[in-house]
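A.B. asks: one predicted model, sequence on top.
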Amino acid sequence: MIAEFWTEWGADITQALWETILMTAIPLAISIVVGLPLGILLVMTRKGGQAENRAFYSIANAIINVIRSIPFIILLFLLIPVTRFVAGTTIGVEGVILPLVVYTAPYIARLMESALLEVNKGVIEAYESMGIPTIKIIWSVIVREARSTIILGLTIATIGLIGATAMAGLVGAGGLGDLAYQYGHLRFEPVVMYVVIIVLIVLVQAMQTVGNIWARNLRKD
Amino acid sequence: MIELMNVTKTFTTGKKTVEALKDVSLRIKKGEIYGVIGFSGAGKSTLIRCTNLLERPTEGEVLIDGVDLTKLKKGQLRKERSKIGMIFQHFNLLSTATVYENVARPLKLSKVPKHEINERVEKYLKIVGLEEKQHVYPAQLSGGQKQRVAIARALAQEPEVLLSDEATSALDPNTTSSILELLLRVNKELGITIFLITHELDVIQRICDRVGVMHQGELVEEGSVIDVFTKPQHPQTKDFVFDDANFKVPDSIKKGLSATGRIISLTFIGSSSSEPFLAAITKKYEVVPSILAGGIDQLKANSVGKLLIHLQGDTAEVEKAISYLEEREITVEEVAS
Ligand SMILES: Nc1ncnc2c1ncn2[C@@H]1O[C@H](COP(=O)(O)OP(=O)(O)OP(=O)(O)O)[C@@H](O)[C@H]1O
Ligand SMILES: [Mg+2]
């Protein structure tokens, strides 16, 4: 029976899994590239930071809060004109990368910010007292000390991202969520839906486990 | 070596302003160990943090080797800072790096050549006695060992001055001793000038050459440790010194005794302790001294004896006996009961 199911649906499920991985990995990579420096900037420009800058901090802070309060599904439609302009299309995997980045990068910036703020101020001060340049302190002291918390944060962000990709199916980007919706819901193939759910659970569990182990290994106290 | 000139520091939080330092001036000579003592909130940390500009003074000058740090640009300040090591109450080590890395990382970041980094790390870990622990993480070390790592990290920069912000305050007495011992060695063998702050009299006694007393943001008294200990002038200094000389004799006992005579504490430098001055006053005057408590403190350069006595006799005779003692360079202080 399993074999039968797999001959019928195997190709679709693998294809959808691949799309989900792609829709997670690409926006995740871009979001880290945007979110990590943004998180660092937030920490530096906040009150008492190394490069205190009230204007920058308040503006960045407000923008992040605004974006974070918009549900992804709304963001997806809201961004259609921008997406068309940037990606040249609003459908398929390409059409969904921009909204996913806009959704995830501010979240990662926040997670980075709180991870970096957790680093012992005394250590930072010790390095300042040794005449080490600020840039090096940020990278080799603050970010490094926060690595474990950063990994945990990224794990959470990744899982959130997987959830968001399910909705991307609405603009024809495919993926597991789309498959479950199309066949499980619209075409009365509940088994497909259950299998997809199981695949999603395994995927999320695996992410969380890897993240936890990785973070634990980085932690030395 | 270190010169603070009219340093003032005012903190403003909201509408409240705190004058943490009020016109403090002090001069620390090359090669000496200078300690500042004061109660909590006196402004000690602020003072030492102003010395390497972790805190920028509101007013005044900070001269290290004749260079005024307050006038330097960022880059120049960083360069000067590399000549000033600092250790802290809570060690401030990287928790995710090994002992070796903790000492090596700052050297890497200040572009010390690779082969030299290894040499320095090994040299200074050896000096602090932790060469065996190179690959261990700070979480697996005791407080004293963590402070040793912090000292090695500071020394590896090969500074001329070491600042210590309550480096022993989080440690037990035995560990404190061993860290003080190490600081003495660092001062003697490497010729590093040490500026430390503490609220523990013991630290001052054991390793400092000179001492300053801080009270409410002001440096109220300053001098060689022996002078300040035997002839304290300011009430705050007396508080520190005589609190110690009181030997914690219970108030109830003091109260009972003060009905029949005066309770005084005597402080004297090592040599006069061999003189039988109590016997002398008994012979010369109509007084009866009895010893309540006593002890000798070993200072870095000398020893100081302390006696708490009960002096019986009529007022004039007691006064004469006290003058006799004072002529012999013995500091006499009436103890309140
Ligand atoms: N960053 C700051 N902002 C506002 N007030 C401060 C700041 N740092 C210190 N103060 C105030 O300045 C005064 C002196 O503080 P400081 O930390 O120098 O005292 P301290 O002698 O080191 O005390 P302790 O023994 O408790 O460490 C205190 O009243 C403190 O509240
Ligand atoms: Mg302090």
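C.D. replies: Nice, I can see it. Ligands and ions are numbered 1, 2, ... in the order given.
A.B. asks: where along chain A do the strands fall?
C.D. replies: Remark: no strands are assigned in chain A by DSSP state E.
A.B. asks: what's around the residue of it found nearest ligand 1, how many residues?
C.D. replies: The minimum distance from chain A to ligand 1, using CB to the nearest ligand atom, falls at A:Gly48 (8.9 Å). For glycine as for every other residue, the C-beta is placed from the backbone atoms N, C-alpha and C. By the criterion of other CB atoms under 10 Å in any protein chain shown, A:Gly48 has 6 neighbours.
A.B. asks: contact residues of chain A facing chain B?
C.D. replies: Contact residues (CB under 8 Å from any CB of the partner chain) of chain A with chain B: A:120, A:122-123, A:125-133, A:136-137, A:140-141, A:144-145, A:147-148, A:218-221.
A.B. asks: that's a helix at B:Arg78, yeah?
C.D. replies: Yes. Membership of B:Arg78 in a helix is supported by DSSP: H, G, I helix; E, B strand; the rest coil.
A.B. asks: got the contact list for it?
C.D. replies: B:Arg78 makes contact with A:Gly131, A:Ile132, A:Pro133 under the criterion CB atoms under 8 Å, 6 or more residues apart in numbering or on different chains.
A.B. asks: the same query, at a cut-off of 10 Å, please.
C.D. replies: Residues in contact with B:Arg78 (CB atoms under 10 Å, 6 or more residues apart in numbering or on different chains) are A:Glu128, A:Met130, A:Gly131, A:Ile132, A:Pro133, A:Thr134, B:Leu72, B:Ser110.
A.B. asks: take those residues and keep only those in helices.
C.D. replies: A:Glu128, A:Thr134 (DSSP state H).
A.B. asks: helix or strand with the lowest mean pLDDT in chain B?
C.D. replies: helix B:235-245 (a mean of 79; mean pLDDT, DSSP states H and E).
A.B. asks: ok, back up a step: distance check, the residue of chain A closest to ligand 1 against chain B.
C.D. replies: 11 Å (CB to the nearest CB, to the nearest Å).
A.B. asks: shaky segments in chain B?
C.D. replies: B:244-246, B:271-274, B:337 (pLDDT under 70).
A.B. asks: the same query, at a cut-off of 80, please.
C.D. replies: B:242-249, B:270-275, B:336-337 (pLDDT under 80).
A.B. asks: okay, now the domains of it?
C.D. replies: Segmentation of chain B into domains, based on the TED database, reads B:2-241, B:244-334.
A.B. asks: which of the ones you listed sits most buried?
C.D. replies: Counting by mean count of other CB atoms under 10 Å in any protein chain shown, domain B:2-241 has the highest mean neighbour count of the domains of chain B, with a mean of 19.
A.B. asks: quick revisit: out of the domains of chain B, which is closest to A:Trp214?
C.D. replies: domain B:2-241 (13.3 Å; CB to CB).
A.B. asks: the closest one: end-to-end distance?
C.D. replies: End-to-end distance of domain B:2-241 (CA to CA, to the nearest Å): 26 Å.
A.B. asks: name the residues of the stretch 201-337 of chain B found near chain A, please.
C.D. replies: When proximity is defined by CB under 10 Å from any CB of the partner chain, the stretch 201-337 of chain B lies next to chain A nowhere.
A.B. asks: show me where the stretch 201-337 of chain B has strands.
C.D. replies: Using DSSP state E, counting those that start in this stretch, the strands of the stretch 201-337 of chain B run over residues B:210-215, B:218-224, B:262-269, B:288-298, B:303-312, B:331-334.
A.B. asks: how far off centre is the fourth one?
C.D. replies: Using CA atoms, centre = their mean, to the nearest Å, the distance from the centre of strand B:288-298 to the centre of the chain it belongs to is 25 Å.
A.B. asks: residues touching the spatially closest residue to A:Gly92 that is not a sequence neighbour, list them.
C.D. replies: Spatial nearest neighbour of A:Gly92, chain neighbours left out: A:Ala173 (5.7 Å); criterion: CB to CB, 6 or more residues apart in numbering or on different chains. Under the criterion of CB under 10 Å, 6+ apart, the neighbours of A:Ala173 are A:19-20, A:22-23, A:76, A:90-97, A:99-100, A:165-167.
A.B. asks: filter these to the buried ones?
C.D. replies: A:19-20, A:22-23, A:76, A:90, A:92-93, A:95-97, A:99-100, A:165-167 (16 or more other CB atoms under 10 Å in any protein chain shown).
A.B. asks: among these, which are in helices?
C.D. replies: A:19-20, A:22-23, A:76, A:92-93, A:95-97, A:99-100, A:165-167.
A.B. asks: state the pair within those that is farthest apart.
C.D. replies: It's A:Leu22 and A:Leu76 that sit farthest apart of these, by CB to CB, at 17.0 Å.
A.B. asks: got the residues of chain B near ligand 1?
C.D. replies: The interface of chain B toward ligand 1, taken as CB under 6 Å from any ligand atom, is made up of B:11, B:13, B:18, B:20, B:38, B:40-46, B:199.
A.B. asks: hmm, back to that, closest one of the buried ones among the contacts of A:Ala173 to chain B?
C.D. replies: A:Leu100 (31.2 Å; CB to the nearest CB).
A.B. asks: which residues does the residue of chain A closest to ligand 1 contact?
C.D. replies: A:Lys121.
A.B. asks: could you report the pLDDT at it?
C.D. replies: pLDDT for A:Gly48: 85.
A.B. asks: contact partners for the closest residue to B:Asp172 other than its chain neighbours?
C.D. replies: Leaving aside its chain neighbours, B:Asp172 sits nearest to B:Gly143 (7.8 Å; criterion: CB to CB, 6+ apart). B:Gly143 is in contact with B:His90, B:Phe91, B:Thr168, B:Ala170, B:Leu171, B:Asp172, B:Thr175, B:Thr176, B:Ile179, counting by CB under 10 Å, 6+ apart.
A.B. asks: wouldn't the fifth one be in contact with B:Gly144 here?
C.D. replies: Right, the one you point to is B:Leu171. Yes. Between B:Leu171 and B:Gly144 a contact is recorded at 5.7 Å, counting by CB atoms under 10 Å.
A.B. asks: residue ranges of the helices in chain A, please?
C.D. replies: Counting by DSSP H, the helices of chain A are A:2-45, A:54-68, A:72-78, A:80-87, A:92-117, A:121-129, A:134-137, A:144-145, A:147-168, A:176-179, A:190-218.
A.B. asks: report the rounded mean pLDDT for the fifth one.
C.D. replies: Confidence for helix A:92-117, expressed as mean pLDDT, is 92.
A.B. asks: check the shortest one too.
C.D. replies: The average pLDDT within helix A:144-145 is 95.
A.B. asks: elements contacting that helix?
C.D. replies: If you count contacts as 3 or more CB pairs under 10 Å, 6 or more residues apart in numbering or on different chains; DSSP states H and E, helix A:144-145 packs onto no helix or strand.
A.B. asks: how much space separates the residue nearest to B:Val62 when sequence neighbours are not counted from ligand 1?
C.D. replies: The spatially closest residue to B:Val62, leaving aside those adjacent along the chain, is B:Leu69, at 4.6 Å (CB to CB, 6+ apart). Using CB to the nearest ligand atom, to the nearest Å, B:Leu69 is found at 18 Å from ligand 1.
A.B. asks: ligand 1 contacts on chain A?
C.D. replies: Checking chain A against ligand 1 by CB under 6 Å from any ligand atom, there are no hits.
A.B. asks: what about chain A, any weak spots by pLDDT?
C.D. replies: Ranges of chain A meeting pLDDT under 80: A:1, A:8-9, A:89-93, A:168-173, A:184-189, A:221.
A.B. asks: show me what contacts the closest residue in space to A:Trp9 that isn't next to it in sequence?
C.D. replies: In this structure, A:Trp9 finds its nearest non-sequential neighbour in A:Val192, 5.9 Å apart by CB to CB, 6+ apart. By CB under 10 Å, 6+ apart, the contact set of A:Val192 is A:Phe5, A:Glu8, A:Trp9, A:Asp12, A:Ile13, A:Ala16, A:Leu179, A:Ala180, A:Gln182, A:Tyr183, A:Gly184, A:His185.
A.B. asks: who touches the fifth one in this structure?
C.D. replies: Okay, so that is A:Ile13. A:Phe5, A:Trp6, A:Leu176, A:Leu179, A:Ala180, A:Val192, A:Val195, A:Val196, A:Val199.
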